[in-house]
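Enquirer: Below are the sequence and a predicted model; questions follow.
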Amino acid sequence: MSSFYDGEGSLFVEAYDAFYAAEPPPMLAGDVAFYERLARETGGPVLELACGTARVALPLAERGLDVTAVDSAPAMLAIARRKAEAAPAGTRERLTLVQGDMTALELGRRFGLVFIAFRGFQLLLTVARQRQALDVMRRHLAPGGRIALHLFDPRLELLVGDGGAGHMMSGTHPVTGRRYAAEVLRCDIDPLTQVRWDLWRYTELGADDAVLAEATRQMALRWTYRWELHHLLKACGFTVEAEYSDFAGTPPAYGHELIVVAR
């Protein structure tokens, strides 16, 4: 399957910051400050895998941190580079953008914090690929450093039947002012592999909600249960240090976010 975010200029790429950067949804509330705090505690520098359009990496660089941000999708990195070019010189100097696969990466340096934000870890559809990514994180981690992962804690009612098809979201791009809407048309669930395949329809809207462009594409995410993640991290040489259900530090809760910090 091609990446959901393939294709420079595609609706799926152009709409990303409209949905997640202008007014981040509640699930992301406080995540940039959370990663900044971890980075300062570990002393940096910072490595973000699956960085997308640099929604998190760029603000961290703006706040004075040395950030290397990696993504496999050239189209997402193209947007990240445009955003970086518009930033002050000091921010640009602190941000390094790299195209690469988070399961097979060798940068030749180590970092105080290595993290995968906003469910990027769930794009890894097999345990083998999850372990490869965790090995990459471990090899790039400085002594005493930490990793952080953000997943969702699976809600069982969304893993049966139609899986919550019909979910919708909308937003306005913070730079271009273009309006976008998206809807899950169908959800196919494979409980054996723990993968859900969501067929999304993205739409660009004009005046009076006239449809200017429309396209469909499928996104696959693998869900991982909380204790499964604990065992996976232990098998890959990590010790879980803290876990939360949001970025405010609330203890783990069923069906909320699953945010894990490990050494």
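Expert: Looks like it arrived, so ask away.
Enquirer: residues contacting Leu65?
Expert: By C-beta atoms under 8 Å, 6 or more residues apart in numbering, the contact list for Leu65 reads 36, 39-40, 44-46, 94. From N, CA and C alone the C-beta is placed, and that goes for glycine too.
Enquirer: That one: which element?
Expert: Under the criterion DSSP states H and E, no helix or strand holds Leu65.
Enquirer: how much space between it and Pro252?
Expert: Going from Leu65 to Pro252 by C-beta to C-beta, to the nearest Å gives 27 Å.
Enquirer: And the buried ones among the contacts of Leu65, selectable in PyMOL?
Expert: Only the buried entries of the contacts of Leu65 go into this PyMOL selection, using 16 or more other C-beta atoms under 10 Å:
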select buried, resi 36+39+44+45+46+94
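Enquirer: In CSV, list the contacts of Leu65 along with pLDDT.
Expert: Shown next, in CSV, are the contacts of Leu65 (pLDDT from 0 to 100):
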residue, pLDDT
Glu36, 98
Ala39, 97
Arg40, 96
Gly44, 82
Pro45, 97
Val46, 98
Arg94, 97
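Enquirer: The contacts of Leu65 in strands, which ones?
Expert: By the criterion of DSSP state E, membership of the contacts of Leu65 in strands covers Val46.
Enquirer: Which of the contacts of Leu65 sits closest to Phe115?
Expert: Taking C-beta to C-beta as the measure, Phe115 lies nearest Val46 of these, at 7.6 Å.
Enquirer: I figured that closest one hits Arg110, correct?
Expert: No: Val46 lies out of contact with Arg110 (C-beta atoms under 8 Å); the separation is 11.4 Å.
Enquirer: Mind listing the shared neighbours of the two?
Expert: With C-beta under 8 Å, 6+ apart, Val46 and Arg110 have no common neighbours.
Enquirer: Pull the residues that contact stretch 10-28.
Expert: 4-7, 31, 52-53, 55, 73, 75-76, 79, 118, 152, 169-176, 178-180, 182, 200, 202-204, 213-215, 217, 246-247, 257.
Enquirer: ok, the residue located most distally from the centre of the chain to Gly177 distance?
Expert: The C-alpha centroid of the chain is most remote from Asp208, which lies 32.3 Å away (C-alpha atoms, centre = their mean). Between Asp208 and Gly177 the computed distance is 16 Å (C-beta to C-beta).
Enquirer: Same question for Phe121.
Expert: According to C-beta to C-beta, Phe121 stands 32 Å off from Gly177.
Enquirer: between these two, which one's more packed in?
Expert: Counted by other C-beta atoms under 10 Å, Phe121 and Gly177 do not tie: Phe121 has more neighbours, with 26 against 9.
Enquirer: Tell me the spacing between the more buried one and Ala29.
Expert: Relative to Ala29, and taking C-beta to C-beta, Phe121 is found at 19 Å.
Enquirer: again, but for Arg55
Expert: Distance from Arg55 to Ala29, by C-beta to C-beta: 13 Å.
Enquirer: Could you check which of those two has the larger neighbour count?
Expert: Just comparing Arg55 and Ala29: by other C-beta under 10 Å the higher neighbour count belongs to Arg55, 24 against 14.
Enquirer: Let me know how buried Pro24 is, in neighbour terms.
Expert: Neighbour count of Pro24, defined by other C-beta under 10 Å: 16.
Enquirer: which element is it on?
Expert: For Pro24, there is no helix or strand it lies in under DSSP H and E.
Enquirer: does Ala142 count as helix, strand or coil?
Expert: Following DSSP: H, G, I helix; E, B strand; the rest coil, the label given to Ala142 is strand.
Enquirer: and it, what does it touch?
Expert: Listed by C-beta under 8 Å, 6+ apart, the contact partners of Ala142 are 42, 110-112.
Enquirer: got it, and Gly163?
Expert: By C-beta under 8 Å, 6+ apart, the neighbours of Gly163 are 187-189, 196, 198.
Enquirer: Poorly predicted segments of the stretch 1-150 of the chain, please.
Expert: Across the stretch 1-150 of the chain, the ranges flagged by pLDDT under 70 are 1-2.
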